[in-house]
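Visitor: Fold the following.
(one chain, ligands or ions: 2)
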Amino acid sequence: MPMHSTSKQLWRDVQVFDGLAQLDEAMNVLVEDGCIAGLWPSSTFDEALAQGAVEAGRGGVMTPGLVDCHTHLVYAGDRAGEFEQRLEGVSYETIARNGGGIISSVRATRAASEDDLIAASLPRLDALLADGVTTLEIKSGYGLTVADELKMLRVARRLGELRPVRVLTTLLGAHALPPEYAGRADDYVSLVCDEMIPAAVAEGLADAVDVFCEGIAFSPAQCERVFQAAQHHGLAIKAHAEQLSNLGGSALAVRYGALSADHIEYLDEAGVRAMAEAGTVAVLLPGAFHVLRETQLPPIELLRQYGVPMAVASDANPGTSPICMPTLMANLACTLFRLTPREALAGMTAHGARALGLPDLGRIAVGAPADLCLWDIQQPAELAYAVQAGRLRQRVFNGAIVHAR
Ligand SMILES: N=CN[C@@H](CCC(=O)O)C(=O)O
Ligand SMILES: [Zn+2]
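Guide: Ligands and ions are numbered 1, 2, ... in the order given. Predicted coordinates for the structure are as follows:
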């Protein structure tokens, strides 16, 4: 793998999408000591500042490294059979209520060792990296015992050591009710709050806590207990909310200072207003919408009107989004949700970073960390317009070129 870590590197004549709004001109970009040190219109740069810089690239489109802020990348097994069942008309909820769905991934993941999970997850991670990801979130949620949830989080942390990428981990113990707790959901929530969260904190394994607030998962009251425990332990909060029905999970998460509410197809105006007032990010997951052949659209126009930042993520998981291609998500966000290509790209860069509590990432700005992608295209909108692997010329992580071709 080519690696350049020269301390000063200059990219010349690149069309820059800065994470929020495309700059109009081609730019020269200087990177020094892992950060963006200079950004000038193409024909100029500060000679003194750029003194000694090595030319690292020329032409193409430069974006921030992509931020995939919602994934379930670590799991064992597959759910192709369930995909076939759904095509025959059986719903996601029915499959879940009959002990399939998430619980079938739980069975496979419990039976897998850490090494098995690394071997299963690495190709998925590599696919994300080959499509420009420099930061991603990985959730647990297919273990549902203290030991198996910690195993998943350890694997997620190890993945971040095996590849040049930043991994944030989220404990999703409240993803589904494990069969051994059937009829005792409150007891399981106690396990999450009193044992799982403290154990994950003690081992430094979780950056955030997430819940699935839904009829087939946990009630708002149960989710609130998880949020209280997360808050008590100083962990960031996220929520799968309003995916299949409107239970008010997003507004509840907002009351606990959540970074994001994710899915939100059934979010109403009151929920949008609550998110806007708190600055909570709306994470859109068009892959799950597409795979489940959902018809209820998230309230995009209301989110725009109220100025709620919209992130876009892969939701890579074995059930609702077995897709590891973030640029396809940009395409689906445009075709299915009617985002503009610029909104979709902002969703996968600046707003994705904000959904992880990392506002310095996902931007091309002087002083920002140099996580960058150089693409063999003419204009940023092409990333959302065409679905095509192999357009990434360079991936830069913390100022080092970690992928080049
Ligand atoms: N909605 C809940 N969780 C995942 C799906 C998990 C699964 O079906 O395995 C999601 O984000 O879509
Ligand atoms: Zn999810």
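Visitor: What residues does the stretch 151-300 of the chain have near ligand 1?
Guide: Contacts of the stretch 151-300 of the chain with ligand 1, taken as C-beta under 6 Å from any ligand atom, map to 212, 240, 243, 288. C-beta here means a position set from N, CA and C on the backbone, and glycine is covered the same way.
Visitor: hmm, try it at 8 Å
Guide: Neighbours of ligand 1 within the stretch 151-300 of the chain, by C-beta under 8 Å from any ligand atom: 172, 175, 212, 214, 217, 240, 243, 262, 263, 285, 288.
Visitor: What is the nearest of those to residue 229?
Guide: Nearest to residue 229, judged by C-beta to C-beta, of those is residue 172 at 13.5 Å.
Visitor: could you say which helix or strand contains that closest one?
Guide: Taking DSSP states H and E as the definition, residue 172 sits inside strand 166-174.
Visitor: Tell me the first helix or strand C-terminal of that strand.
Guide: helix 185-191.
Visitor: for that next one, which positions count as buried?
Guide: Residues of helix 185-191 classed as buried by neighbour count (16 or more other C-beta atoms under 10 Å): 188, 189, 190, 191.
Visitor: residues touching the nearest residue to residue 111 once chain neighbours are set aside, list them.
Guide: Sequence neighbours aside, residue 76 is the residue nearest to residue 111 in space, at 6.9 Å (criterion: C-beta to C-beta, 6 or more residues apart in numbering). By C-beta atoms under 8 Å, 6 or more residues apart in numbering, residue 76 lies in contact with 105, 108, 109, 111, 112, 116, 117, 120, 142.
Visitor: Ligand 1: which of those is nearest?
Guide: Among the contacts of residue 76, residue 105 lies closest to ligand 1 (C-beta to the nearest ligand atom), at 5.2 Å.
Visitor: Could you dump the buried residues of helix 185-191 into a markdown table and include distance to residue 124?
Guide: Output for the buried residues of helix 185-191, formatted as a markdown table (distance: C-beta to C-beta, whole Å):
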| residue | distance to residue 124 |
| --- | --- |
| 188 | 28 |
| 189 | 30 |
| 190 | 33 |
| 191 | 28 |
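Visitor: Just the ones of the residues of the stretch 151-300 of the chain next to ligand 1 in strands?
Guide: 172, 212, 240, 262, 263 (DSSP state E).
Visitor: Can you give me the pLDDT of the third one?
Guide: It stands for residue 240. Note on residue 240: pLDDT of 98.
Visitor: wouldn't it be in contact with residue 265 here?
Guide: No. Applying C-beta atoms under 8 Å, one finds residue 240 not in contact with residue 265, separated by 11.2 Å.
Visitor: before we move on, back to that, most neighbours among the ones in strands among the residues of the stretch 151-300 of the chain next to ligand 1, which one?
Guide: Neighbour counts for those (other C-beta atoms under 10 Å) peak at residue 240, which has 31 neighbours.
Visitor: OK, contacts around the nearest residue to it once chain neighbours are set aside?
Guide: Leaving out its chain neighbours, the residue that sits closest to residue 240 by C-beta to C-beta, 6+ apart is residue 212, at 4.4 Å. Residues counted as contacts of residue 212 (C-beta under 8 Å, 6+ apart) are 141, 172, 174, 175, 176, 218, 240.
Visitor: Which single residue of this protein ends up nearest ligand 1?
Guide: Across the chain, no residue is closer to ligand 1 than residue 319, which sits at 2.5 Å (C-beta to the nearest ligand atom).
Visitor: isn't that residue right up against residue 103?
Guide: No. Using C-beta under 8 Å, residue 319 is not in contact with residue 103, being 10.3 Å away.
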